[in-house]
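# Following is a predicted model, sequence given first.
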Amino acid sequence: MLKKCLPLLLTFVFLGCIVEDLIDDYVAPTLRITNPILSISEGGSYQFIAKYFDTAGEEVLQPRLQWSTETANTISVNALGTIEALTPGQGVVVVATQSRLGEDIQKKLAFEVTAPLI
């Protein structure tokens, strides 16, 4: 009886597999500034922290980050993500990295630089 049922059972097992059993867990890599601010006083400084998440959604430890600013007249930023507020106005800090696939990824954050309180 088993010998008669085995071919039929194997046929159902192989027909049940349609080669789409793999889970596509790809997610777009992201870069996040985890401690954003809304404003900073002129003359103040602030250390931003950024985290990079890869195509599996997992955090990459010690990624190569490049910090810059689009508003050099308002703020300055160093290689570690520390800004200094130079003059009142809108400041924009940019952090960028490159994925393992060679994609350029960046995150921008805008905030206000306010006049110091006297």
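Perfect, I can see it now.
# Spatially central residue for this protein, please.
The centre of the chain sits closest to residue 31, judged by C-alpha atoms, centre = their mean, with a distance of 1.5 Å.
# ok, what's across the strand from that residue?
residue 52 (DSSP bridges).
# Can you show me the strands along this structure?
Remark: strands assigned in the chain by DSSP state E are 30-33, 39-41, 45-47, 50-53, 59-60, 66-69, 75-77, 82-85, 89-98, 104-114.
# Identify all contacting residues around the last one.
Put plainly, it is strand 104-114. When contacts are defined by C-beta atoms under 8 Å, 6 or more residues apart in numbering, strand 104-114 is touched by residues 29-33, 36-42, 48, 50, 52, 70, 74-75, 85-99. Any C-beta I mention is one placed from the backbone N, CA and C, and that applies to glycine too.
# What of the first one?
Among residues not part of strand 30-33, those counted as contacts by C-beta under 8 Å, 6+ apart are 48-53, 93, 95-97, 105-107, 109.
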